[in-house]
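Trainee: What shape does this take:
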Amino acid sequence: MTVPTFLVVGAGRSGTTGLAEGLRTHPDVFVTTPKEPHYFALHDTVPAFRAPGDDATINRVAVTDRDAYLALYPTQHDYQALGDAAVSTLYYHQHAIPEIQAVAPDVRIVIMLREPVARAHSAFDYMAARGFETAPSLLDGVAAEDRRVAENWHHLWHYTRMSHYADAVQAFQEAFGRDRVGIWYYDDLQADYLTTVREVLRFIGTAPAEGEATGVPIVNASGSPRSKLIQSALHAATRNEPVRRTVKRLTSYRAREAVRRRLLARNDLASDVHRQLAPLFSEDLHRLAKLVDLDRAPRWVKEAD
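Mentor: From the prediction side, this is the model:
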């Protein structure tokens, strides 16, 4: 069986989907469908997350058997690079790393990170826009986090925990070596998407190709619904499994994302919310700054050094 040669393992809401879509534009790159099978994070388990929507969005779609995961890859191919893009791999790194070493010991790791409060805010908005989050604000969601973790709500609900990076980055560097662990940032994608994707393409071993990293729309946008009525109708449709399967079969991922993006209005992070939550991450960011190349890091990492 074919094994992955790269894994995109960024923190949730840090641009991993946008990066994966950019990598797909290269003719010699294969990204699994689904791009986030959760195999390394959840292998040899029976996912039973209990938050609103978890059954449809992760419990039923996670690939937890090794043969089934490897079957996502083509057996005969001419691809230069093959991989998946699952944020759960970084979050559950202690469970994931030994299995990665067993399945694909020569793999290259691509880590995507985002300023921790902004990442948590984006995750909250994303869950709210999908109709799952009922807490009135990010601060309320953070206040409920311990209870939600105890009740086995899946990782994207872990707003502050998923914004801590140092342990996972260090573990991947120690397991695979710094030369095979590349670190990029959401800031990079926002500032220069084309250059960032091309840097990652070279890192995972591809030769330059015409049209690479171009024509990629914004995906997985977050924000507040422009119309609660339309949003409620879409939420009801996605909770109906036959309807959900039919829509996915008849439409492309990018088309669905384009519709969803038009229904959302930008929801900026309030400065007082950032001020209240930022101290939760200061120690972790100080440790992270010791692990990364500060010359390539954004300001929120450099200032933590």
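Trainee: what sits against S163?
Mentor: With contact taken as C-beta atoms under 8 Å, 6 or more residues apart in numbering, S163 is in contact with A11, P116, V117, R119, A120, L280, F281. Every C-beta, even on glycine, is put in place using the N, C-alpha and C of the backbone.
Trainee: Which of those residues fall within helices?
Mentor: Mapping the contacts of S163 onto helices (DSSP state H) picks out P116, V117, R119, A120.
Trainee: Just the strands from the stretch 1-150 of the chain, written as ranges.
Mentor: Assigned strands in the stretch 1-150 of the chain, in chain order: 6-8, 29-31, 81-85, 108-113 (criterion: DSSP state E, counting those that start in this stretch).
Trainee: strand partners of the first one, parallel vs antiparallel please.
Mentor: Note on strand 6-8: by DSSP bridges, its sheet partners are strand 81-85 (parallel), strand 108-113 (parallel).
Trainee: can you list contacts of that strand?
Mentor: Taking C-beta under 8 Å, 6+ apart as the rule, strand 6-8 contacts 16, 19-20, 23, 40, 81-86, 89, 100, 104, 107-110, 112, 204-205.
Trainee: Over to the longest one?
Mentor: Under the contact criterion C-beta under 8 Å, 6+ apart, strand 108-113 has outside partners 5-11, 14-16, 19, 90, 165, 168-169, 172, 176, 180-186, 189, 200, 203-205, 288.
Trainee: just checking, which of the residues you listed belong to helices?
Mentor: Going by DSSP H, the helices hold T16, L19, L90, A168, V169, F172, F176, Y186, L189, V200, F203, L288 from the contacts of strand 108-113.
Trainee: is it true that the last one touches A166?
Mentor: Yes: contact criterion C-beta atoms under 8 Å: L288 and A166 qualify, at 4.6 Å.
Trainee: more crowded one of these two?
Mentor: Between L288 and A166, counting by other C-beta atoms under 10 Å, L288 is the more crowded of the two (25 against 18).
Trainee: circling back to that earlier point, neighbour-wise, give me the winner out of the ones in helices among the contacts of strand 108-113.
Mentor: Busiest of these [other C-beta under 10 Å] is L90, holding 29 neighbours.
Trainee: need the contact list for A207.
Mentor: Going by C-beta under 8 Å, 6+ apart, A207 touches D28, Q80.
Trainee: Could you look up the SS state of it?
Mentor: coil (DSSP: H, G, I helix; E, B strand; the rest coil).
Trainee: Now do it against D55, distance only.
Mentor: As judged by C-beta to C-beta, to the nearest Å, A207 and D55 stand 42 Å apart.
Trainee: Could you work out which of the strands of the stretch 1-150 of the chain reaches nearest to D295?
Mentor: When the strands of the stretch 1-150 of the chain are compared by C-beta to C-beta, strand 108-113 sits nearest D295, at 15.7 Å.
Trainee: Find the nearest non-adjacent residue to R296, please.
Mentor: Excluding the flanking residues, the one nearest R296 by C-beta to C-beta, 6 or more residues apart in numbering is I183, at 7.8 Å.
Trainee: Please pull out the lowest mean pLDDT helix or strand from the protein.
Mentor: Ranking every helix and strand in the chain by mean pLDDT, DSSP states H and E puts strand 264-265 at the bottom, with a mean of 50.
Trainee: ok, the residue nearest to R296 - how many residues close by?
Mentor: Counted by other C-beta under 10 Å, the residues lying close to I183 total 23.
Trainee: so what's it up against?
Mentor: I111, L113, V169, V292, D293, R296.
Trainee: follow-up on the earlier one: show me the one in the contacts of S163 that has more neighbours than the rest.
Mentor: Using other C-beta under 10 Å as the neighbour criterion, A120 leads these with 30 neighbours.
Trainee: so who does the closest residue to that residue other than its chain neighbours touch?
Mentor: Once flanking residues are discounted, A120 sits nearest to Y159: 4.1 Å by C-beta to C-beta, 6+ apart. Contacts of Y159 were listed using C-beta under 8 Å, 6+ apart, and they are A120, A123, F124, L138, G141, V142, E145.
Trainee: Save the contacts of S163 as JSON lines, and put in distance to P34 and pLDDT too.
Mentor: Formatted as JSON lines, the contacts of S163 follow (distance: C-beta to C-beta, whole Å; pLDDT from 0 to 100):
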{"residue": "A11", "distance to P34": "18", "pLDDT": "96"}
{"residue": "P116", "distance to P34": "26", "pLDDT": "98"}
{"residue": "V117", "distance to P34": "29", "pLDDT": "98"}
{"residue": "R119", "distance to P34": "22", "pLDDT": "97"}
{"residue": "A120", "distance to P34": "24", "pLDDT": "97"}
{"residue": "L280", "distance to P34": "31", "pLDDT": "98"}
{"residue": "F281", "distance to P34": "30", "pLDDT": "98"}
